[in-house]
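*Asks:* next one to model:
(one chain, ligands or ions: 2)
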Amino acid sequence: MSTQSPGERRRVRVALDERSYDIEIGFDTLPELGEAVARNTGSQRAFVISVPPVARRYGAKVGRSLREAGLRVKRLEVRDGERSKSLTEAKRLYGALLDAGADRSSVVVALGGGVVGDLAGFVAATLFRGIPVVQVPTSLLAMVDSSVGGKTGVNVPRGKNLVGAFHQPRLVWIDATTLRTLPPRQRAAGMAEVVKHAIIWDAALFERLEAEMESVLALAPGAVLPVLERSCEIKAEVVSRDEREAGLRMLLNFGHTVGHAVETLQGYRGLLHGEGVSMGMVFAARRSEEMGLAPKGTMARIEALLRRADLPTQLPDHPRKAYLQAIAVDKKKRDARIGFVALSGIGRAETVPLLPREIWPAGRRRSRG
Ligand SMILES: NC(=O)c1ccc[n+]([C@@H]2O[C@H](COP(=O)([O-])OP(=O)(O)OC[C@H]3O[C@@H](n4cnc5c(N)ncnc54)[C@H](O)[C@@H]3O)[C@@H](O)[C@H]2O)c1
Ligand SMILES: [Zn+2]
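*Replies:* Ligands and ions are numbered 1, 2, ... in the order given. The predicted structure follows:
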């Protein structure tokens with residue numbers, strides 16, 4: 001359907017006054033990263049933070065590109081996985097950066113998925129009260145979601161993402177070629193957030209995905225580029241209008257209330273975030289129909305698309321009480337309303353304040369029925 005050539009580039013502007021930046025999207029663009037970093041930061045010193053599966057494949061290329069652009073480069077690695085998003089790792093990185101002579105004009109280059117982006121972003125946000133960061137996302141989730149918007153942070157024993165800072169990157173550099181080595185299951189999990197963007201904001205993107213889901217997942221350049229571009233545009237637009245999560249940005253939580261509850265109940269074992277979101281979106285679509293907000297058939301369309309991406313759509317079997325508790329998160333807030341994101345149709349979302357027991361009414365079957 002699409003006719004873009006592999007050499008084509010896309011640029012999405014994130015408009016945030018003096019903190020505005022570009023998201024550059026293309027194929028085989030890592031060799032040009034260094035120049036863009038130099039241009040956008042003026043830095044002479046770069047610290048590339050990554051994890052072994054990504055550093056092994058792309059670290060040398062990124063290092064070379066930065067050096068060719070005149071920067072001095074130091075590469076740092078953290079262990080792969082969510083557990084590295086910790087204050088312990090942040091502290092270790094502060095030490096490594098300071099020992100190597102980092103100063104206020106140094107740039108942190110986050111090369112990896114959302115874990116690297118959040119951790120390296122947090123270190124950049126806090127070292128010297130903030131030094132430049134360039135996001136080089138290599139997972140689909142990081143490309144369309146976590147690298148855009150400026151949220152950085154780490155986990156603490158009491159919960160995920162409880163410590164963090166807003167720190168907008170100077171540049172987001174997406175080389176979609178890196179997706180070729182991303183495990184298929186991770187690819188699908190990132191696709192859940194792409195589908196989410198379409199559902200809350202853009203019926204045309206949803207239709208494009210309905211037409212081309214298999215080609216997008218197979219990374220056909222003509223299919224991938226426009227989808228990455230549109231998905232980043234949606235995130236950028238929402239973030240530009242609501243940088244600090246006052247209202248509009250809440251819509252990005254579509255599918256996440258129940259999605260997070262599932263993650264909690266599964267103890268984060270064996271379930272990827274995007275998989276929980278996939279189930280949560282089907283749940284939210286169904287509730288939207290039941291509340292008379294969305295037309296009949298909305299959920300079926302969403303579920304069919306998610307299934308084509310190989311995503312799970314049925315919630316696992318836990319007692320209603322367990323779901324209610326997980327939705328309320330904080331037990332003291334059991335009687336507080338939660339901003340539940342509902343649909344009035346595909347491409348149109350709104351926030352409805354609901355009690356957990358209204359989100360999950362008694363007698364409602366766990367999955368579809
Ligand atoms: N800051 C935000 O706004 C925001 C938004 C959404 C999610 N997040 C955070 O993002 C994190 C999840 O991100 P994620 O799903 O990218 O997880 P991740 O960073 O753990 O990456 C998933 C896996 O894929 C590997 N990988 C990444 N790119 C690869 C590539 N090109 N080739 C081969 N392997 C590759 C990673 O090493 C890892 O094993 C969570 O911590 C979540 O809280 C943040
Ligand atoms: Zn998410």
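
*Asks:* who in this protein is up against ligand 1?
*Replies:* Residues of the chain lying near ligand 1 by Cβ under 6 Å from any ligand atom: 51, 53-54, 80, 82, 85, 112-116, 118, 138-139, 141-142, 145-146, 149, 151, 161, 178, 181-182, 186, 273. Every C-beta, even on glycine, is put in place using the N, C-alpha and C of the backbone.

*Asks:* can you tell me which of those are buried?
*Replies:* Buried members of the residues of the chain next to ligand 1, scored by 16 or more other Cβ atoms under 10 Å, are 51, 54, 80, 85, 112-116, 118, 138-139, 141-142, 145-146, 149, 151, 178, 182, 186, 273.

*Asks:* return the subset of those residues lying in strands.
*Replies:* 112, 151 (DSSP state E).

*Asks:* which of the buried ones among the residues of the chain next to ligand 1 fall in helices?
*Replies:* 54, 114-116, 118, 141, 186, 273 (DSSP state H).

*Asks:* nearest to G101 among those residues?
*Replies:* Distance ranking of those against G101, using Cβ to Cβ, places V116 first at 22.1 Å.

*Asks:* what residues does that closest one make contact with?
*Replies:* Residues near V116 by Cβ atoms under 8 Å, 6 or more residues apart in numbering: 49-51, 54, 78, 110, 142.

*Asks:* ranges for the helices of the stretch 251-369 of the chain?
*Replies:* Applying DSSP state H, counting those that start in this stretch to the stretch 251-369 of the chain gives helices spanning 256-265, 273-290, 298-308, 320-328, 356-359.

*Asks:* so of the ones you listed, which one's packed in deepest?
*Replies:* Ranked by mean neighbour count, the helices of the stretch 251-369 of the chain are led by helix 273-290 with a mean of 25 (mean count of other Cβ atoms under 10 Å).

*Asks:* what separation do you get for M191 and S278?
*Replies:* Using Cβ to Cβ, to the nearest Å, M191 is found at 9 Å from S278.

*Asks:* what's the overlap in contacts for the two?
*Replies:* By Cβ under 8 Å, 6+ apart, the residues touching both M191 and S278 are 309, 311.

*Asks:* L311: neighbour count?
*Replies:* Residues lying near L311 (other Cβ atoms under 10 Å) number 23.

*Asks:* that one reaches E275, doesn't it?
*Replies:* Yes. Counting by Cβ atoms under 8 Å, L311 touches E275, with 6.2 Å between them.

*Asks:* which residues do those two both contact?
*Replies:* 188-189, 192.

*Asks:* pLDDT wise, what is the residue lying closest to E68 once chain neighbours are set aside at?
*Replies:* Nearest residue to E68, sequence neighbours excluded (Cβ to Cβ, 6 or more residues apart in numbering): G34, at 5.5 Å. Here, the pLDDT recorded for G34 equals 98.

*Asks:* does G34 belong to a helix, a strand or coil?
*Replies:* helix (DSSP: H, G, I helix; E, B strand; the rest coil).

*Asks:* and it, how far from ligand 1?
*Replies:* 19 Å (Cβ to the nearest ligand atom, to the nearest Å).

*Asks:* what does G339 give?
*Replies:* Distance, G339 to ligand 1, using Cβ to the nearest ligand atom: 17 Å.

*Asks:* by residue count, what's the longest helix in this protein?
*Replies:* helix 221-241.

*Asks:* buried sites along that helix?
*Replies:* 221-240.

*Asks:* so where do the helices sit in the stretch 51-200 of the chain?
*Replies:* Under DSSP H, counting those that start in this stretch, the stretch 51-200 of the chain gives helices at 52-54, 60-68, 87-99, 114-126, 140-141, 184-201.

*Asks:* in CSV, list the helices of the stretch 251-369 of the chain along with mean pLDDT and distance to S43.
*Replies:* CSV is the format used below for these (pLDDT from 0 to 100; distance: least, Cβ to Cβ, whole Å):
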stretch, mean pLDDT, distance to S43
helix 256-265, 94, 35
helix 273-290, 97, 32
helix 298-308, 98, 41
helix 320-328, 92, 43
helix 356-359, 93, 46
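
*Asks:* and of those, who's closest to A349?
*Replies:* helix 273-290 (8.8 Å).

*Asks:* tilt between the closest one and helix 184-201?
*Replies:* Using axes from the mean of the first three to the mean of the last three Cα atoms, to 10 degrees, the inter-axis angle of helix 273-290 relative to helix 184-201 is 30 degrees.

*Asks:* quick one: pLDDT of Y268?
*Replies:* At Y268, pLDDT is 68.

*Asks:* if you could redo that for E210, that was the one I meant.
*Replies:* 98.

*Asks:* what helix or strand is it on?
*Replies:* helix 203-217 (DSSP states H and E).

*Asks:* buried residues, that helix. List them.
*Replies:* Buried residues in helix 203-217 (16+ other Cβ under 10 Å): 205-206, 208-209, 212-213, 215-217.

*Asks:* and if you look at stretch 12-27?
*Replies:* 12, 14, 21-27.
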